[in-house]
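S.K.: Need a 3D model of the following:
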Amino acid sequence: MMCKVLIFGCIAAVILMTAAYGAPLEKTKLSPAQKEEHLRASIKDLALLKDFNNNFLDFYTPNDKRECNHTTLACFLKELKVLEQDVEEKDKQVVINIKKNLEDFKDPDFSNPTCKKCESNEKKKFPEFHQEMTSFLQSM
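M.R.: I've put the predicted structure just below:
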């Protein structure tokens, strides 16, 4: 009898935990208006970093805006992670916000063998990187 109670207790615990945590939900797609809002917010936040002064870091800076949008975006996001490590605390949240807003535009399934890998792009100082990224976001 005690064994049955223990088994049913374990089953009940599993059911309760499943109900409490549930299965992971799929990420909801953004509407075109929400995408535009996220792009505008990213461009606005990027403008706040315009005066960031850094003479020792180089950033891989893609300039392919048409056929390789997803690859270009992924490269910019990768370089933003580098930037996040090197900005002052007051600018760190701005970089995090930009990354968060642009994450919804990524397509993990995108693959185009003709697109350059991020590391094959030219390395540029922050002002040129900033200008290229701003231009890229505006073209989206």
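S.K.: So which residue is smack in the middle of the chain?
M.R.: The centre of the chain sits closest to residue 103, judged by C-alpha atoms, centre = their mean, with a distance of 3.2 Å.
S.K.: Would you mind measuring from the closest residue to it other than its chain neighbours to residue 12?
M.R.: Spatial nearest neighbour of residue 103, chain neighbours left out: residue 77 (7.3 Å); criterion: C-beta to C-beta, 6 or more residues apart in numbering. Quick note: C-beta positions are derived from backbone N, CA and C, even for glycine. Using C-beta to C-beta, to the nearest Å, residue 77 is found at 44 Å from residue 12.
S.K.: What of residue 60?
M.R.: In terms of C-beta to C-beta, residue 60 sits 54 Å off from residue 12.
S.K.: Between these two, point out the one with more neighbours.
M.R.: Neighbours were counted for residue 60 and for residue 12 using other C-beta atoms under 10 Å; residue 60 has more, 19 against 10.
S.K.: For the more buried one, give the beta-bridge partners.
M.R.: Per DSSP bridges, the residues bridged to residue 60 are residue 123.
S.K.: Is it in contact with residue 75, as I believe?
M.R.: Yes - using C-beta atoms under 8 Å, residue 60 is in contact with residue 75, at 6.1 Å.
S.K.: Find the residues that touch each one of those two.
M.R.: 118, 121 (C-beta atoms under 8 Å, 6 or more residues apart in numbering).
S.K.: which other residues reach whichever strand or helix holds residue 40?
M.R.: Applying DSSP states H and E as the criterion places residue 40 in helix 32-48. If you take C-beta under 8 Å, 6+ apart as the criterion, helix 32-48 is touched by 30, 91, 94, 97-98, 101-102, 104-105, 130, 133-134, 137-138, 140.
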